[in-house]
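Engineer: Sharing a sequence plus its predicted fold:
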Amino acid sequence: MANEQPQMSPEEMSAWVREQFQAANKYLAENGIISDRVLTKDSRYLAPYVAIWKFTTQDKKELWLVNGDVPTDVAGKNAADNARDVLRYFSFQWQMKAQSILDDPKASANPEQQRYAQYLVDRAEALYDVVGMEELWAAPEEQGNS
């Protein structure tokens with residue numbers, strides 16, 4: 001993920017969001033979770049890097065899902081109150097997962113596991129950077145005044 005978002009046309013943005021939404025639903029279904037609806041007011045799209053979705057499920061639970069140019073991951077609604085905080089949560093979780101891989105002698109000796117741990121660290125650091133970018137998180141009415 002880069003510091004500047006590439007310019008996307010409205011059509012490209014819409015296609016990217018639709019693709020991420022379909023991938024998110026597929027991921028949930030593959031994991032035995034059937035979504036009921038997406039809570040769009042809580043979801044955020046930082047195209048073409050990351051989409052943060054808040055879903056309700058058919059069994060009336062709420063969950064967060066992150067996807068895009070990051071590992072697809074899911075967390076319960078209690079992980080965070082908003083999209084920004086859930087990115088912070090995933091950043092921390094991925095750092096811990098990478099560290100546990102690196103601390104495991106068998107995993108750390110496996111080049112594929114080493115690459116995966118580095119991928120997690122890279123994405124965790126990128127998410128942490130995004131969390132710190134105030135301009136991305138300003139309320140819509142504030143964005144027009146900057």
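Structural biologist: Looks like it arrived, so ask away.

Engineer: all helices of this protein, in order?
Structural biologist: For the chain, helices defined by DSSP state H occupy the ranges 10-30, 83-103, 105-108, 111-131, 134-137, 140-143.

Engineer: pLDDT averaged over the last one - what is it?
Structural biologist: With pLDDT averaged residue by residue, helix 140-143 scores 48.

Engineer: Enumerate every residue touching the residue sitting nearest the centre point of the chain.
Structural biologist: Residue closest to the mean C-alpha point of the chain, counted by CA atoms, centre = their mean, is residue 66 at 2.7 Å. Residues near residue 66 by CB atoms under 8 Å, 6 or more residues apart in numbering: 50, 51, 52, 53, 72, 73, 74, 86, 87, 90. Quick note: C-beta positions are derived from backbone N, CA and C, even for glycine.

Engineer: Can you lay out those residues as JSON lines showing neighbour count?
Structural biologist: Output for those, formatted as JSON lines (neighbours: other CB atoms under 10 Å):
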{"residue": "50", "neighbour count": "22"}
{"residue": "51", "neighbour count": "25"}
{"residue": "52", "neighbour count": "25"}
{"residue": "53", "neighbour count": "25"}
{"residue": "72", "neighbour count": "17"}
{"residue": "73", "neighbour count": "17"}
{"residue": "74", "neighbour count": "18"}
{"residue": "86", "neighbour count": "26"}
{"residue": "87", "neighbour count": "27"}
{"residue": "90", "neighbour count": "27"}
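
Engineer: JSON lines for the helices of the chain, including distance to residue 41?
Structural biologist: Listed next are these as JSON lines, based on distance: least, CB to CB, whole Å:
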{"stretch": "helix 10-30", "distance to residue 41": "15"}
{"stretch": "helix 83-103", "distance to residue 41": "10"}
{"stretch": "helix 105-108", "distance to residue 41": "40"}
{"stretch": "helix 111-131", "distance to residue 41": "19"}
{"stretch": "helix 134-137", "distance to residue 41": "15"}
{"stretch": "helix 140-143", "distance to residue 41": "11"}
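
Engineer: how about low-confidence regions in this protein?
Structural biologist: For the chain, the stretches flagged by pLDDT under 70 are 1-6, 139-146.

Engineer: again, only this time at 50
Structural biologist: Along the chain, the parts satisfying pLDDT under 50 run over 2-3, 141-146.

Engineer: that older thread, the helices of the chain: which one's closest to residue 57?
Structural biologist: Taking CB to CB, helix 10-30 is the member of the helices of the chain nearest to residue 57, at 7.8 Å.
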